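Participant: whatever this is, show me its structure:
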Amino acid sequence: MPITLLLDLDDTLLETHTETFFPAYFQALSGALSHLAPPETMLSALMSGTKRMLTNLDPALTLREVFDACFYPKLGMQREALQPAIDDFYGEVFPTLGSLTKALPEAVRLVDWAFAQGHRVAIATNPLFPRTATEHRLRWAGLPPEKYPFALISSYESFHFAKESIAYFAEMMGQMGWPEDPVLMVGNDTEMDLRPAQQAGFPVFWAKTNDEVSPEFALVHQGSLDEFRTWLEGIDPQSLQPAYNSPQALLAVLRSTPAALASLTCDLPAPAWTRSPKPDEWCLNEILGHLRDVDRDVNLPRLRKILADDNPFIASAATDDWVKERQYARQDGRVSLAEFTTARKELLALLVDLQSEWKRPARHAIFGPTNFQELVGFIAEHDRAHVKQAREAIR
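Facilitator: You can find the predicted model right below:
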């Protein structure tokens, strides 16, 4: 059975020593741009932009947009003025930083084996770098993207959340179309790889390179990369099925949906939005119009009703009929996505500070006795189905 493997890069597949690599990277970048801004100003702007990316929770903004909105105003410059020098840095200077890293033969053996077994392999690296920089780092690791057909490589152009947010892990799955395989996150960092991935509902493996002990993760599968392969060969893949049912995991799925859809559709030509895979299947315009109106006209009113009333009755809604009735195919899918994102942010604001309210009861016309958390779970399941549908339509 194929498994979706989310593999961390730094200090998992590539010996990076991030505590020395990142200061050297920032210093090199500020030095390369010193003819445009003083190094101390450049370094301060770089650090501020990076901190903004680490804390972003807005599904409407990619990390590049978050970084740019902080970085360039601090320099008093436009992106266009700096872009040629930045491109030169990543083309000429950044590759020299590879000398600070070390390829790990066991990492190459693992990835080769994973592809040979038919597993889906994605590079789940913290998306704080441009894509070109991440591709350089993969080459340093002996895993050039030109050779290996990775299902996804996270970078700041196409991702909306950093690894510190559990929504990052849901966004990884969303951009891959929510594959139904077992899933496993493999990484070395308990705070950026293991804890948030577990909170997102994923099984995890702690790729250790030393005798580090963490009591909080005593039950996590752990070992070297070679030991990981042996362990994976010996377990039932069904034991790696993710569980997206906790409030934290549900919030991550809901936050990731507009973000993943934005990345999946960002470069599509106009005809792709109205083309149906088959005569009886929805096109992108219809999918996005449906998601927007279900949030605005069904999900938000339902959740508000449960929070306001005592065990309310929840009527069913024939929302699939709206596709033809409201003529979603004729609407602008990009506008529908923006409106869905606005509605979803309103729904997230309703959920984010809930405490005991997750178990508030309700009575559903179809599902019978239910509660707030179960209904939010239905929304997340609905999201995953339509993100999968959208990715299939695009493909």
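Participant: what average pLDDT does the longest helix seen in the chain get?
Facilitator: Across the chain, the longest stretch assigned as helix under DSSP state H is helix 372-394. Averaged across helix 372-394, pLDDT comes to 96.
Participant: packing partners of that helix?
Facilitator: helix 247-265, helix 284-294, helix 300-308, strand 361-364 (3 or more Cβ pairs under 8 Å, 6 or more residues apart in numbering; DSSP states H and E). Any C-beta I mention is one placed from the backbone N, CA and C, and that applies to glycine too.
Participant: and the angle from that helix to helix 300-308?
Facilitator: 160 degrees (axes from the mean of the first three to the mean of the last three Cα atoms, to 10 degrees).
Participant: returning to what we had before: possible to save the helices and strands packed on helix 372-394 as TSV with mean pLDDT, mean neighbour count and distance to residue 241?
Facilitator: Converted to TSV, those look like this (pLDDT from 0 to 100; neighbours: other Cβ atoms under 10 Å; distance: least, Cβ to Cβ, whole Å):
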stretch	mean pLDDT	mean neighbour count	distance to residue 241
helix 247-265	97	24	13
helix 284-294	97	25	25
helix 300-308	95	16	27
strand 361-364	94	16	26
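Participant: need the ones you listed in CSV (columns: distance to residue 10).
Facilitator: Converted to CSV, these look like this (distance: least, Cβ to Cβ, whole Å):
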stretch, distance to residue 10
helix 247-265, 22
helix 284-294, 35
helix 300-308, 39
strand 361-364, 45
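Participant: now do the contacts for the residue nearest to the spatial centre of the chain.
Facilitator: Centroid-nearest residue in the chain: residue 171, 2.5 Å away (criterion: Cα atoms, centre = their mean). Listed by Cβ atoms under 8 Å, 6 or more residues apart in numbering, the contact partners of residue 171 are 159-161, 256, 259-260, 263.
Participant: wait, which of those is closest to residue 39?
Facilitator: Distance to residue 39 across the contacts of residue 171 (Cβ to Cβ) is lowest for residue 159, with 28.1 Å.
Participant: report the angle between the longest helix of the chain and helix 247-265.
Facilitator: Using the same axes, to 10 degrees: helix 372-394 against helix 247-265 is 20 degrees.
Participant: just the buried positions in helix 372-394, please.
Facilitator: Buried residues in helix 372-394, counting neighbours by 16 or more other Cβ atoms under 10 Å, are found at 372-377, 379-380, 382-384, 386-391, 393-394.
Participant: mind checking the SS state of residue 53?
Facilitator: What DSSP: H, G, I helix; E, B strand; the rest coil gives for residue 53 is helix.
Participant: show me what contacts the residue lying closest to it once chain neighbours are set aside?
Facilitator: Leaving aside its chain neighbours, residue 53 sits nearest to residue 63 (4.6 Å; criterion: Cβ to Cβ, 6 or more residues apart in numbering). Applying Cβ under 8 Å, 6+ apart to residue 63 gives the contacts 53, 56, 127-128, 156-157, 159-162.
Participant: circling back to that earlier point, where's the residue nearest to the centre of the chain, which helix or strand?
Facilitator: helix 167-175 (DSSP states H and E).
Participant: quick one, that helix and helix 247-265 angle?
Facilitator: Angle between the axes of helix 167-175 and helix 247-265 is 50 degrees (criterion: the same axes, to 10 degrees).
Participant: tell me the first helix or strand C-terminal of helix 167-175.
Facilitator: According to DSSP H and E, the helix or strand after helix 167-175 is strand 183-187.
Participant: output that following strand as PDB, restricted to C-alpha atoms.
Facilitator: These are the backbone C-alpha positions of strand 183-187, laid out as PDB (Å, rounded to 0.1, in the frame of the first residue of the first chain):
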ATOM      1  CA  VAL A 183       0.500   9.500   6.000                       C
ATOM      2  CA  LEU A 184       3.700   9.900   8.000                       C
ATOM      3  CA  MET A 185       5.700  13.000   8.900                       C
ATOM      4  CA  VAL A 186       9.400  12.300   9.300                       C
ATOM      5  CA  GLY A 187      11.600  15.000  10.900                       C
END
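Participant: pLDDT weak spots in the stretch 101-250 of the chain?
Facilitator: 210-219 (pLDDT under 70).
Participant: all the strands of it, in order from the start?
Facilitator: Assignment of strands within the stretch 101-250 of the chain using DSSP state E, counting those that start in this stretch yields the ranges 102-103, 120-123, 152-153, 183-187, 204-207, 221-223.
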